[in-house]
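J.: Coordinates for the following, if possible.
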Amino acid sequence: MREQRVHSDVTVVGGGLAGVCAAVAAARLGRRVCLITNRPVLGGNSSSEVRVWVVGATAHGVHRFAREGGIMGELFVENQYRNPEGNPYLWDALILDTVRAESNISLFLNTDVREVSATGPRGRRRIESVSGWTMGSELSTRFESPIFLDCTGDGLVGYLAGAQYRIGREARHEFGEEWAPEVADDITLGSTLLFYTKDAGENVEYVPPSFAKDITQTSIPEKRVIRSGDNGCAYWWIEWGGELDTVHENERIRDELWSVIYGIWDYIKNSGKFDADTMTLEWVGSIPGKREYRRFVGDHMLTQNEVLDQELFDDRVAFGGWSIDLHPPEGMYAADSGSKHLHIDGSYHIPYRCLYSVNVENLMFAGRDISASHVAFGTTRVMATCATVGEATGTAAALCADRAFSPRELGRSHTTLLQQTLLRQDGSVLGIRNTDEADLARSATVTASSTLTSIEVDPGELRHRLHSDAGVVIPADPGFAGLSIVLDADADSQLNVEVYETGQPQNYVPATLMGAVEVPVERGNDQRVAVPVAVPDSDPRNVFVVVRANPDVTLHAGTTAPYGVLSFTRQPLRRPADRPQPVLEWRPLASQRMCLAVAVEGATDAYAAGKALNGYTRPYGGPNLWASGPMLPYAEQWLQLSFDDEADIAEIRLTFNDDVNEDLINLHHHRTEFRAPPQLVRDYRLEACGGDGAWKVIARVRANRRRHRIHRLGEVVRTSAIRVVVETTWGIPRAEIIEIRAYAESP
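T.: Okay, here's the model as predicted:
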C-alpha cells in the first residue's frame, strides 16, 4: 500500500454536478483544488452509471427565462452542440473535459473518503484532513486544506466531522409547512434504478432471471405507466426505500429495484400486451440513484413557505425553480401517484447561510445535503439547482481560502463581495446588480451602431383560435400607450383585454390587474385591431396582457418576437390543486417560438445600448440586453464604450445572449432544432481606438459557443474607447449583448 499527503486551498469531496461546479468555480478564482469522487466518472446521478436527466429551475419548460447560467449553463449549451443525441458517455466526457481544462484542479477518481480528522468541542468543530482510499491503485491519500466542501449527497464527510444534520421529515408545526406531516418521522425519498432498451431489428426472446418479480402481483401495472418504447427517466417512478435507511440498506434497495426492472421487462416482453417482439434490454443501472439522506444544519434552514413566497434573501447566491416534488414513502408500490408537486410562480432564491455548517467552522456543502427542510428539499434536490449551489459554494470557499475568512465570517461581513464575485463569473443570481468598483465600464459612455426601438411581431402563417384565454408578456420600458393585434373574426364580436402586473420581476404570470378594455371587432380577416390598454411610465417591468376567450376570433402569430416577448394559452388544470398554480395554467403556445402578432405603440427603451451596463445579467423585469437593428452585409453592428480620459485595459468580459428561456437537458427527453442558441453571437472581434482615432483589432473569436467570454489581453491597452463588433450570430438577424465589463487588471 502506498500513502501520500496532498495539500490544497480547497478540498471538494463528491464528483456530482454540485462538486464539479464547486471545484471549477474555486479553481477559476485561482485556488488550488482537490476534487475527490468514489466513482470512475464524474457527474453523479447524471453520469452514464445512473443516467438521470439534469433538470432545474426551468421545471421542464414550465418557468420562463429560468435556465441556469454560470458553469451549469456552460455545460448545458456545450452539450447541446457536442451531444445533440443525448449520449450519456459523451456527457461524461464533457464534464471530464471541463474539469481537466482547469490546471488548478487535482482530480482523484475512484477515491473513497472514509476517514475525517476533526478537532474541537461539539459546537466549534474544525476539520484538519480527510483521507481517501483508491482501490485500483492501492493508494491512501490524506487531503489537507483550510476549507472542505461536502458534496457527497449522503453527507458522509460532515457526518464524520460531527456536523449537525437531519434525516427524515420535520413536523408541520416546526416551520408551519403545509406539506409536512403532523408528526416528525425518519421517512425519506427513495432511490431509483433506470434501464435502456433498443430495437434489435429481429425477434428477441427474453427469459427472466430467477430474481425477477412478477409485477402482476403488485400494484405497479395498474398505478404506473408502462410502455414498450419508453426507457431511461421515463421510468423515474421505479423508486423504493423511502421507509428504509437509504444508505445502510442500499444493497437491499438495489436488489429490490433490480427485481422490478427485470420483472417489468418480463411483463413488456411476455405478457402479450405490448408490441415488443424485436425489443431488447441495452443497459440496466447497477447504482441506485439516491434522492435523499442527510441534510446538514446551517445558520439558516430553507423552508416551504420561503420557497413559495420567493423570499428575497439579502444573502441570496443561487436560485431554483423546480416544483416542490415529494414522493410517497412506498415508492413504486404506492397506491397514490408517484409524485405530487407544488409549483412556484417563478424562480426562488437560495441564501448563502444554507451552505455552511452551523457547528463545523470550515465545512461547507452543496447539492442535496444543504440546509433545507424536507419539504423545501423537494425542490432544491434536482441536479441543475445543486450545480448552481455548487458554484456559489465553490466561489465562497475560494474567497475564504484567499482571505482567511471562515464561511460564517464571509456571510456576515462580506456578503456583497461574494455576490459581486458570483456576478463577475456569470453565476446564477437573481435581482442583484453589478456594483464592481473596478469595472471601468460602469463609468463609461455606451453607444451602439443601432438599437431595436420597437416591439412588434410580424404575422406569419400561424394561427391561434381563442377557444381559451391567450396572453402575451411585453417589456414595459418605460411604458406604452396601447397595442394592436392581428386577427380574423367569424362574426361581429368584441375582444376583452386585460393588463396585469406579473408580481415578482422573475415571474411570467398575471398577478395584479392594472386595467381592462372591451374592443369591438367586425367580421373579417387579416384585421389589425387597436387595443387602447395603456401602461403608465415606470421603472422597467414586464406586463402580462390577457385576451379573453372568444371562439369567433382567431389570432395571427409569428416567430420573430423580440427577446422578452412571450405568448401563452390558458389551459385550466384537470385536477384541482391545493393552491393556485398559474404557471401550470399559462403554457406557451403550440410552439416555443410562436408569438401572437402584436405591435406596441411608441418606442421602447427595453433594448437600448445602456442595458448592457444596467448591472443585470439575466432577464429580470425585462430582457436586460442591448439588441441591434437588422444585421446587414454592408452594416456591421457594434457596442462601444467611450472613456472620458484614456484608460488602461487589461481584461474585457462579455456576456452574450444564449437564450435562457430555452429548456435544455443533458440526455434529451426532447430535441431542439438547433445545436447552438440562435441568439448567441458566433463571430466577433474586439477593437480599441488608438491615439490617431483608428480602430485596432485586439481580439477575434470564431465559432463562439459560450455565453460568458473573458479576454485577458496579455499586454495593457491604453485607449479612449473599445467596442465589440458582432459579425455573425448562430441564427437571428440582429446582435444581442447582455453585458460588457472592462478592467485595468485581471480581478
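J.: For the stretch 301-450 of the chain, which segments are assigned as strands?
T.: 316-320, 324-326, 340-342, 348-351, 363-365, 445-448 (DSSP state E, counting those that start in this stretch).
J.: Deepest-packed of these, please.
T.: Each of those was scored by mean neighbour count; the highest is strand 363-365, a mean of 30, by mean count of other Cβ atoms under 10 Å. Placement of C-beta: from N, CA and C, glycine included.
J.: What is it packed up against?
T.: strand 147-150, helix 156-161, helix 383-403 (3 or more Cβ pairs under 8 Å, 6 or more residues apart in numbering; DSSP states H and E).
J.: go again using 6 Å as the cut-off
T.: Where contact means 3 or more Cβ pairs under 6 Å, 6 or more residues apart in numbering; DSSP states H and E, strand 363-365 is packed against strand 147-150.
J.: May I have the strand it packs on exported as CSV, CA atoms only?
T.: What follows is strand 147-150, C-alpha atoms only, in CSV (Å, rounded to 0.1, in the frame of the first residue of the first chain):
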residue,chain,number,x,y,z
ILE,A,147,-11.7,24.7,3.7
PHE,A,148,-13.7,21.5,3.0
LEU,A,149,-16.8,21.0,0.9
ASP,A,150,-19.1,18.1,1.4
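J.: Compute the number of surrounding residues for the nearest residue to T421 once chain neighbours are set aside.
T.: Spatial nearest neighbour of T421, excluding adjacent residues (Cβ to Cβ, 6 or more residues apart in numbering): T395 at 5.6 Å. Using other Cβ atoms under 10 Å, T395 is surrounded by 28 other residues.
J.: Could you please name the strands the host helix or strand of Q527 pairs with and the direction of each pair?
T.: Q527 is part of strand 524-531 when elements are defined by DSSP states H and E. If you go by DSSP bridges, strand 524-531 pairs up with strand 483-489 (antiparallel).
J.: Contacts for the partner strand next, please.
T.: Strand 483-489 has contacts (Cβ atoms under 6 Å, 6 or more residues apart in numbering) with 459, 521, 523, 525, 527-531, 552-556, 597-600.
J.: From the recorded domain assignment, give the ranges for this protein.
T.: 2-169+292-424, 191-290, 440-451+607-743, 462-600 (automatic domain parsing).
J.: Could you list the buried residues of the strand holding Q527?
T.: Q527, V529, V531 (16 or more other Cβ atoms under 10 Å).
J.: average model confidence for stretch 363-382?
T.: Averaged over stretch 363-382, pLDDT sits at 98.
J.: same deal with stretch 25-33?
T.: On average, stretch 25-33 scores 98.
J.: Helices of the stretch 351-500 of the chain, residue ranges please.
T.: Along the stretch 351-500 of the chain, counting by DSSP state H, counting those that start in this stretch, helices occupy 374-380, 383-403, 407-413, 415-424.
J.: Rebuild these as TSV, extending it with distance to T502.
T.: As requested, the helices of the stretch 351-500 of the chain are exported to TSV (distance: least, Cβ to Cβ, whole Å):
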stretch	distance to T502
helix 374-380	21
helix 383-403	22
helix 407-413	31
helix 415-424	23
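J.: Ranking these by mean neighbour count, which comes first?
T.: helix 383-403 (a mean of 28).
J.: related to what we said a few turns ago, point out the most buried one among the domains of the chain.
T.: For the domains of the chain, the largest average neighbour count (mean count of other Cβ under 10 Å) is found in domain 2-169+292-424, namely a mean of 22.
J.: how long is that one end to end?
T.: Counting by Cα to Cα, to the nearest Å, you get 42 Å between the two ends of domain 2-169+292-424.
J.: Distance from the chain centre to it, please.
T.: 14 Å (Cα atoms, centre = their mean, to the nearest Å).
J.: same question, stretch 239-246
T.: Using Cα atoms, centre = their mean, the offset of stretch 239-246 from its chain centre is 28 Å.
J.: can you list contacts of that stretch?
T.: 187-192, 253, 256-257, 290, 293, 329, 331-332.
J.: With stretch 550-565 instead?
T.: So stretch 550-565 is contacted by 455, 457-460, 462-467, 474-475, 486-491, 493, 593-597, 623 (Cβ under 6 Å, 6+ apart).
J.: what distance separates the start and the end of stretch 352-366?
T.: 11 Å.
J.: residue ranges with poor pLDDT in the stretch 451-600 of the chain?
T.: Applying pLDDT under 70 to the stretch 451-600 of the chain picks out residues 575-578, 591-592.
J.: The same query, at a cut-off of 90, please.
T.: Counting by pLDDT under 90, the stretch 451-600 of the chain has low-confidence residues at 460-462, 559-560, 571-581, 589-594.
J.: roughly how far apart are P630 and L686?
T.: Distance of P630 to L686, given as Cβ to Cβ, to the nearest Å: 23 Å.
J.: re the thing from before, mind checking which of the helices of the stretch 351-500 of the chain is nearest L513?
T.: helix 374-380 (28.8 Å; Cβ to Cβ).
J.: List of residues touching stretch 420-432?
T.: Outside stretch 420-432, the residues within contact range by Cβ under 6 Å, 6+ apart are 68-70, 318-319, 388, 391, 395, 419, 434, 436, 506, 620, 708.
J.: again, only using 8 Å
T.: 25, 28-29, 68-70, 72-73, 312, 316-319, 347, 349, 388, 391-392, 395, 399, 419, 434-436, 505-506, 616-618, 620, 653, 655, 707-708, 741, 747 (Cβ atoms under 8 Å, 6 or more residues apart in numbering).
J.: what does stretch 268-278 contact?
T.: Here stretch 268-278 has contacts from 199-206, 208, 216, 226-228, 267, 279, using Cβ under 8 Å, 6+ apart.
J.: Kindly reformat the domains of the chain as a markdown table containing distance to L430.
T.: Formatted as a markdown table, those follow (distance: least, Cβ to Cβ, whole Å):
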| stretch | distance to L430 |
| --- | --- |
| domain 2-169+292-424 | 5 |
| domain 191-290 | 27 |
| domain 440-451+607-743 | 6 |
| domain 462-600 | 6 |
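J.: So T98, which state does it fall into?
T.: helix (DSSP: H, G, I helix; E, B strand; the rest coil).
J.: Return the per-residue confidence for it.
T.: For T98, pLDDT reads 98.
J.: repeat for the one 3 residues further on
T.: Model confidence at A101, given as pLDDT, is 98.
J.: What separation do you get for it and N79?
T.: 15 Å.
J.: before we move on, the earlier item: for the contacts of stretch 268-278, which two are the farthest from each other?
T.: Every pair of the contacts of stretch 268-278 checked by Cβ to Cβ; the farthest is G201 and T216, at 29.0 Å.
J.: one step back: tell me which of the domains of the chain sits nearest to A180.
T.: Set against A180 and scored by Cβ to Cβ, these come closest in domain 2-169+292-424, at 5.5 Å.
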